[in-house]
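Participant: with the sequence up front, the predicted model follows.
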Amino acid sequence: MIRGSFGPRRLVAALAGSFLIAASAQAVAQAPPTAVPAPRKDGWWQQRHEKYLEDVKKAREGAGVDVIFLGDSITEGWGQNPVWKKYYGQRKALNLGIGGDQTQHVLWRIQNGELVGLHPKALMLMIGTNNAGSNPADQIAEGVEAIVAELQKTLPDTEILLLGVFPRGEKPDDTRKKLTDVNARISKLDGGKVHYLDIGSSFVNPDGTISKDIMPDYLHLSEKGYELWAAAVEPTLKKLLKED
């Protein structure tokens, strides 16, 4: 008897494969834009991504890296300022912040080579403020959750220091309330190799206002602001880097 091209086992395998593809497509369709990897179309952004790929390659082929900073312009702003040199100059630290990035952009960068071949002891993540103008709190949190899940898959042995999204604006307002709601949800990711830390109170006065000497534009940090950031995370970072 001549059998068709699909025997029972092949038929089952084909059906199972079709089901998985359909389920995956449905999951992507149901995910909010904050949790779907997406690049930015700006030429300078692509160039920055390419530069980071080179930085990662150099680290991979050189002395490696112990701690990675991942995020948006607030992370990028570390640059090589005196605070960075004071706290991280003697550590093998790598800054992968890009100004303007939202959760979906960071997710895309992770999936497109920015961490390939690295084995950092710790990674510090702070992301989500740039989504605040266009996405509700639950979607922003879902984007952060997607990033953490991707990091755990890409860097299974790395301790992830997940920071609550920093407060912004001179006075408490709807945007700050939204970010507080985001932090309430992502704080639940704490556990295992994920360590949630909210240092937002370090930047806020007792009356709820934020001073211009800490955030000159009520969003980005001054040198004083970076000093507050570094000091607030240092005890936890030391533990994660096993320096104690």
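Facilitator: Nice, thanks for sending it over. These numbers were taken from a predicted model, which means no experiment stands behind them.
Participant: is the closest residue in space to residue 95 that isn't next to it in sequence in a helix, a strand, or coil?
Facilitator: By the measure of Cβ to Cβ, 6 or more residues apart in numbering, the closest residue to residue 95 outside its immediate chain neighbours is residue 69, 4.8 Å from it. Just so you know, the C-beta spots here come from the backbone N, C-alpha and C atoms, and that holds for glycine as well. Taken by DSSP: H, G, I helix; E, B strand; the rest coil, the conformation at residue 69 corresponds to strand.
Participant: and residue 69, bridged to which residues?
Facilitator: Beta bridges link residue 69 to residue 95, residue 124 when assigned by DSSP bridges.
Participant: surely it is in contact with residue 97?
Facilitator: Yes: counting by Cβ atoms under 8 Å, residue 69 does reach residue 97; the two are 6.1 Å apart.
Participant: common neighbours of those two, please.
Facilitator: 75, 78 (Cβ atoms under 8 Å, 6 or more residues apart in numbering).
Participant: which residue ranges of the protein form strands?
Facilitator: 67-71, 93-97, 122-126, 159-163, 194-197 (DSSP state E).
Participant: surely residue 189 touches residue 162?
Facilitator: Yes: between residue 189 and residue 162 there is a contact under Cβ under 8 Å: 6.1 Å.
Participant: residue 237 versus the most centrally placed residue in the chain, what's the distance?
Facilitator: In the chain, the residue lying closest to the centroid (Cα atoms, centre = their mean) is residue 125, at 4.2 Å. Counting by Cβ to Cβ, to the nearest Å, the gap from residue 125 to residue 237 is 13 Å.
Participant: can you check residue 48 too?
Facilitator: On the measure of Cβ to Cβ, residue 48 and residue 237 end up 25 Å apart.
Participant: the two - which one has more neighbours?
Facilitator: residue 237 (22 against 19; other Cβ atoms under 10 Å).
Participant: which ones are touching that one?
Facilitator: By Cβ under 8 Å, 6+ apart, residue 237 lies in contact with 67, 122, 124, 161.
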